[in-house]
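Asker: Take a look and give me a structure for this.
(2 chains)
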2 protein chains.
Amino acid sequence: MALFSLVADDLAAVNQRLREALQQHNPVVREVSDYLQEASGKMLRPALVLLAAQMGDAARLSSDVIDVATAVEMIHMATLVHDDIIDDAELRRGLPAVRSRFSDPVAVLAGDFLFARAFQILAGTTRPPLVDMAAEVVYVMATGEISQHLDHGRIASEESYWRRIEAKTGFFLETCCRLGATAAEASIPVRDALGRYGHHIGLAYQVGDDLLDWLADPAVLGKAVGEDIAVGIYTLPIIHGLEHETYGRQLADLLRTEMPDLAEVRRLLEVSGSIDYCRARAQGHLDAARAALADLPDGPRRDELIGVADFIGVRDH
Amino acid sequence: MALFSLVADDLAAVNQRLREALQQHNPVVREVSDYLQEASGKMLRPALVLLAAQMGDAARLSSDVIDVATAVEMIHMATLVHDDIIDDAELRRGLPAVRSRFSDPVAVLAGDFLFARAFQILAGTTRPPLVDMAAEVVYVMATGEISQHLDHGRIASEESYWRRIEAKTGFFLETCCRLGATAAEASIPVRDALGRYGHHIGLAYQVGDDLLDWLADPAVLGKAVGEDIAVGIYTLPIIHGLEHETYGRQLADLLRTEMPDLAEVRRLLEVSGSIDYCRARAQGHLDAARAALADLPDGPRRDELIGVADFIGVRDH
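Answerer: Next comes the predicted model:
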């Protein structure tokens, strides 16, 4: 069964809604808006909204659910466009980032108008907590990133790493599940279970991302390898590797050089067991995500949520 | 009577609410948040919300009105922080801009968390259109600025100038008035009259700003003179000056030089009558703003709105 197949039609509706929301009369702005839609992503966040909504009590998915799924994708797009400014990134999803294709100022403004449109869509829904929940995601991400950015280049502890990825991804994916469940009028225990599930797949997803920064084929990933460390961000593989008795010092020496040999960094992460450690931690969160679903009614809807966890465990981009 | 004296207590409540909304536990983020509050502005936007609300039918100002006034000031702060990135500005309100004090990435994120908090505050109000109205302001400003930015350095027509300042300031001040009136349950004709008033003082305010870029004492203004033209933005004095039969060519030649003599630019704007033209246009919008209030009940509340128009006509920073 293909991923997200139960909500394939709804995802198509989300894409349609997204196109409508980004339609522009001004030709200059349209160029930016069209470009934003070109490099479309995996649609993980809207899919989580839709899948979580299927566990709710509402007889059928309301238009609120489609709206919320659209809004979270727009919020995600906005944060990516802004993140690329912050990380000085050239590529995003295999295409030049908005800031490279246009400029940093245009990227700042494009993120702002995506945020604005997303909140307008949420404001049109019939359930007031949705705006607050989505805005809290933006707030937690932005303040979390400020904290990371001002600590830039400092070697992070593993504890601060987990705090950081919770703010960046765990809380967002948790909220996607909660938003879908809330929009579909699920009971509080179901919302909580789905929230826990989202939290854990979020952390697993982010650890996976940070691993892919070292392991992926750049052509498949759509960006360069070792990009995080190049901009001074210490992710879990490096943090763990630096603590290794034998290889930690070697790794530290290597990272202090002007242009670290990235193939050698990767070799040290392998032999120090850091890659394996990260895989195991990600796996642990995926297990916890599956466990969070234990009390939900079984059937194809729950199976699809489990399928998302399985996918996160094996993805290569 | 001092400006905003009728709503002085409410403005104090807005300041208090702002401090609460920006409170931070994380010391790194707190440093940014505290800095945002240091360079506080004229509070024109929250004052308009409060003054417009006084024309409403609600027996007394609800907490919604304070919330809306706080949210519009946060949205304004967010756009200023982002604008300084876009315009490469070093100073804001006489202090180093957030981007100069910290960095461009921190400024991107600080703007984002201000937007997020503002929408959370609006989401907590009891009137759903408020979120949509405020988000529309952000949307119109951001798309308007994208259009301006991608036209950067091109000599704008007067028509495109008015369109641009409507997107940047006219629509925002109009919406402040509408938000206050809506939150205070004013009748539709009253909301419309206040909206027209806000629109016209917004345009007058922005023309005034663009004049002050040439006329103000830099120490009073808190930033350098001639900053707009230095970053390739053609405002009304320049647009008008370039069309002058005698001095237009001189001005064009001057602006083509590497480092234009700003005192000479200013002199040409004087002798060409461009400064006077801008003053007259601003005055026309202030007259239209006062006229929009004609059908509202007279008394100290309406007088204070007229006082704001008077203030905009004479301000020097």
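Asker: which ones are touching the closest residue to chain B within the stretch 151-300 of chain A?
Answerer: Of all residues in the stretch 151-300 of chain A, A:D151 sits closest to chain B, at 6.9 Å by CB to the nearest CB. Heads up, the C-betas are built off the backbone N, CA and C, glycines and all. Residues near A:D151 by CB atoms under 8 Å, 6 or more residues apart in numbering or on different chains: A:160, B:28.
Asker: Please apply the same query to A:A186.
Answerer: Contacts for A:A186 were tallied using CB under 8 Å, 6+ apart; they are A:52-53, A:55-57, A:194.
Asker: who's in contact with stretch A:170-179?
Answerer: Against stretch A:170-179 from outside (CB under 8 Å, 6+ apart): A:44-46, A:48-49, A:52, A:68, A:72, A:76, A:130, A:133-134, A:136-137, A:140-141, A:191, A:194-203, A:205-206.
Asker: where in the stretch 1-150 of chain A is pLDDT low?
Answerer: A:1-2, A:58-61, A:128 (pLDDT under 70).
Asker: In helices only, show me the contacts of stretch A:170-179.
Answerer: A:44-46, A:48-49, A:52, A:68, A:72, A:76, A:130, A:133-134, A:136-137, A:140-141, A:191, A:194-203, A:205-206 (DSSP state H).
Asker: give me the number of residues near A:S157?
Answerer: Neighbour count for A:S157, taken as other CB atoms under 10 Å in any protein chain shown: 12.
Asker: Model confidence score at it, please.
Answerer: The per-residue pLDDT reported for A:S157 equals 87.
Asker: cool, and A:E185?
Answerer: 88.
Asker: Next, it: secondary structure please.
Answerer: Three-state call for A:E185 (DSSP: H, G, I helix; E, B strand; the rest coil): coil.
Asker: Need the phi and psi values for it.
Answerer: phi 60, psi 40 (degrees, to the nearest 10).
Asker: Please apply the same query to A:L91.
Answerer: Phi and psi for A:L91, reported as degrees, to the nearest 10, are phi -120, psi 150.
Asker: That one touches A:V98, doesn't it?
Answerer: No - in this structure, A:L91 is not within contact of A:V98 by CB atoms under 8 Å, at 11.1 Å.
Asker: Show me which of the two is the more surrounded one.
Answerer: Ranked by neighbour count (other CB under 10 Å), A:L91 and A:V98 place A:V98 first, with 26 against 17.
Asker: Distance check, the more buried one against chain B.
Answerer: A:V98 is 11 Å from chain B, where distance means CB to the nearest CB, to the nearest Å.
Asker: so what's that residue closest to, chain neighbours aside?
Answerer: A:A107 (4.5 Å; CB to CB, 6 or more residues apart in numbering or on different chains).
Asker: burial count for that neighbour?
Answerer: 25.
Asker: and it, what is it in contact with?
Answerer: A:81-82, A:84-85, A:97-99.
Asker: Now with 10 Å, please.
Answerer: Residues counted as contacts of A:A107 (CB atoms under 10 Å, 6 or more residues apart in numbering or on different chains) are A:32, A:80-85, A:97-101, B:85, B:108, B:146.
Asker: Measure how buried A:R101 is and give me the count.
Answerer: 16.
Asker: again, but for the one 5 residues further on
Answerer: Other residues near A:V106 number 23, with proximity taken as other CB under 10 Å.
Asker: separation between it and A:A78?
Answerer: In this view, A:V106 and A:A78 are 13 Å apart by CB to CB, to the nearest Å.
Asker: Nearest residue to the residue of chain A most remote from its centre in space, ignoring adjacent ones along the chain?
Answerer: Distance from the centre of chain A peaks at A:T246, with 33.7 Å (CA atoms, centre = their mean). In this structure, A:T246 finds its nearest non-sequential neighbour in A:S272, 7.4 Å apart by CB to CB, 6+ apart.
Asker: count of residues packed around the one you found?
Answerer: Neighbours of A:S272 (other CB under 10 Å): 22.
Asker: Between its first and last residues, how far does stretch A:247-263 reach?
Answerer: Using CA to CA, to the nearest Å, one end of stretch A:247-263 lies 15 Å from the other.
Asker: Name the SS class of the residue nearest the centre of chain A, please.
Answerer: Central residue of chain A (CA atoms, centre = their mean): A:T169, 5.0 Å from the mean position. Under the three-state scheme (three-state DSSP), A:T169 adopts helix.
Asker: re earlier: so who does the residue farthest from the centre of chain A touch?
Answerer: Contacts of A:T246 (CB under 10 Å, 6+ apart): A:268, A:271-272.
Asker: which stretches of the stretch 101-250 of chain A form helices?
Answerer: With helices called from DSSP state H, counting those that start in this stretch, the stretch 101-250 of chain A shows them at A:104-123, A:129-150, A:158-165, A:171-183, A:188-215, A:218-221, A:227-230, A:236-242, A:248-256.
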